[in-house]
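Colleague: requesting a structural model of the entry that follows:
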Amino acid sequence: MGTCSFCSGTSCRDSRGGRAGCGGRGMSAGALVVVGTGIKGVGHLTYEAVGWIEQVDRVAYCVSDPVTEAWIREHSRSSHDLYTLYGNDKPRSETYEQMVNALVEPVREGLTVCAVFYGHPGVFAYPPHEAIKVLRAEGVPAMMLPGVSALDCLFADLGVDPGTMGCQEVEATDLLLRRRSLLTDSHVVVWQVACVGDLGFRFGGFDNDNNRQVLVEYLEKFYPPDHQVTHYSAAQYAVCGPTIRTLALRDLRDEYLTGVSTLYVPPIAALDDDHAMAQRLGLSEDPSRSSRSIGTNTPAHLDRYLPTCVPSALATYLADLACDPSKLSAHLDDPQAAVDHAAGLNEEERAALLSGDAGAIRMAMKDTTETGTTDTPPGAQIEGRGGITPHSPRSTPRKEP
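Modeller: Next comes the predicted model:
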């Protein structure tokens, strides 16, 4: 049994499998759900986030573009703009504590609140983390759902894969205050380069050029002044592109930056492979060399490939839960009753759902008939990993080779 998204507990199930540790309460008893809108206006919203925004009692939002704000106000029952808590030269820490209170108080009154923050709601966002912590300590359901962050956009727009050479993220002020070392053999992302050492807020933007000089000076301890870096800002609107300006590190001193500017620093050089370690790991070839063949699409023979059954009553049921908070709440409160009333599910699908085991649920949607396993489409991946025995409502369970 996994942890509960609402209370982060592993023992929050009662005898029926419902929510017990987090109060066993539905949406009507007070709860906090934190979602992210991503960076690009409305386009980065997930179905899951949309469902919560549309169904909760109240939405409290802090977003960075008018398109998303207008959408929230039009699609929510009641909404409140947390951005109004900011003030010129007002310490951000004070604003953040007020935001926490604005999220916590209505939940204590019994309302279900959806807190909406731009980007990923847990990235550089103190209020949602603190509000969840406070409410969970009081036994009140609270959870956070992921969103598209500026880092995700950077990976896409700059073509950076953190799986190659690794990726180090640092916040500009923290980097300087703690004199953190930088991994020059990895991709490095420096957040909040426009507000180095600035703990306040101004609606007109940040103005701390002197501190930026300190940042560049520190970066030059690790990189040569002519090292090419990228000033990056993700696109906020569908009709606009991202800001991508490549320049020498030394020239960052005079670069015009905004509150959403991020600095990407590419690696200087790759580390050499440890051949002794490669041998210990059983890697007979150079692990840095690709073994793929470009331009070929002929599938290899994968005798364990199991296609997904379409249509699938179980897949439809799970998709509905992912997009509809009221249905999800009903299932979490009483899984047995919800599954018993679900249309189209057979006994084995119901058993898989009630087990709470992701592997069993996955296999219940797979076609394990002989026809299904022999028809291997291009690009197929091996299924049934992790020691899971194929289990399908459409065939007798059988062992994998």
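Colleague: what's the helix or strand for residue 315?
Modeller: Following DSSP states H and E, one finds residue 315 within helix 313-323.
Colleague: any buried residues in that helix, and which?
Modeller: Buried positions in helix 313-323, judged by neighbour count with 16 or more other C-beta atoms under 10 Å: 313, 314, 315, 317, 321, 323. All C-beta atoms are positioned from the backbone trio N, CA, C, and that covers glycine.
Colleague: which of these sits closest to residue 34?
Modeller: Nearest to residue 34 among the buried residues of helix 313-323, counting by C-beta to C-beta, is residue 323 at 17.6 Å.
Colleague: now that closest one: how far from residue 146?
Modeller: Using C-beta to C-beta, to the nearest Å, residue 323 is found at 15 Å from residue 146.
Colleague: quick one: contacts for the spatially most central residue of the chain?
Modeller: With distances taken as C-alpha atoms, centre = their mean, the chain has residue 146 as the residue nearest its mean C-alpha position (3.4 Å). When contacts are counted by C-beta atoms under 8 Å, 6 or more residues apart in numbering, residue 146 is found next to 36, 120, 121, 122.
Colleague: make sure I have this right: it is in a strand.
Modeller: No - judged by DSSP: H, G, I helix; E, B strand; the rest coil, residue 146 forms no part of a strand; its state is coil.
Colleague: mind starting the numbering at 50 from now?
Modeller: In the new count, where the first residue is 50, that last one comes out as residue 195.
Colleague: roughly how far apart are it and residue 355?
Modeller: For residue 195, the distance to residue 355 (C-beta to C-beta) stands at 28 Å.
Colleague: and residue 388, by the same measure?
Modeller: When distance is defined by C-beta to C-beta, residue 388 is 23 Å away from residue 355.
Colleague: surely residue 159 and residue 107 touch.
Modeller: No - Residue 159 lies out of contact with residue 107 (C-beta atoms under 8 Å); the separation is 11.1 Å.
Colleague: between those two, which one's more packed in?
Modeller: Neighbours of residue 159 and residue 107, each counted by other C-beta atoms under 10 Å, are more numerous for residue 107; the result is 18 against 13.
Colleague: ok, the nearest residue to the more buried one once chain neighbours are set aside - contacts?
Modeller: Ranked by C-beta to C-beta, 6 or more residues apart in numbering and with sequence neighbours excluded, the top spatial neighbour of residue 107 is residue 127, at 4.7 Å. When the contact criterion is C-beta under 8 Å, 6+ apart, the partners of residue 127 are 106, 107, 108.
Colleague: want to throw those residues into JSON lines with pLDDT?
Modeller: Compiled in JSON lines, the contacts of residue 127 are given as follows (pLDDT from 0 to 100):
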{"residue": "106", "pLDDT": "97"}
{"residue": "107", "pLDDT": "98"}
{"residue": "108", "pLDDT": "98"}
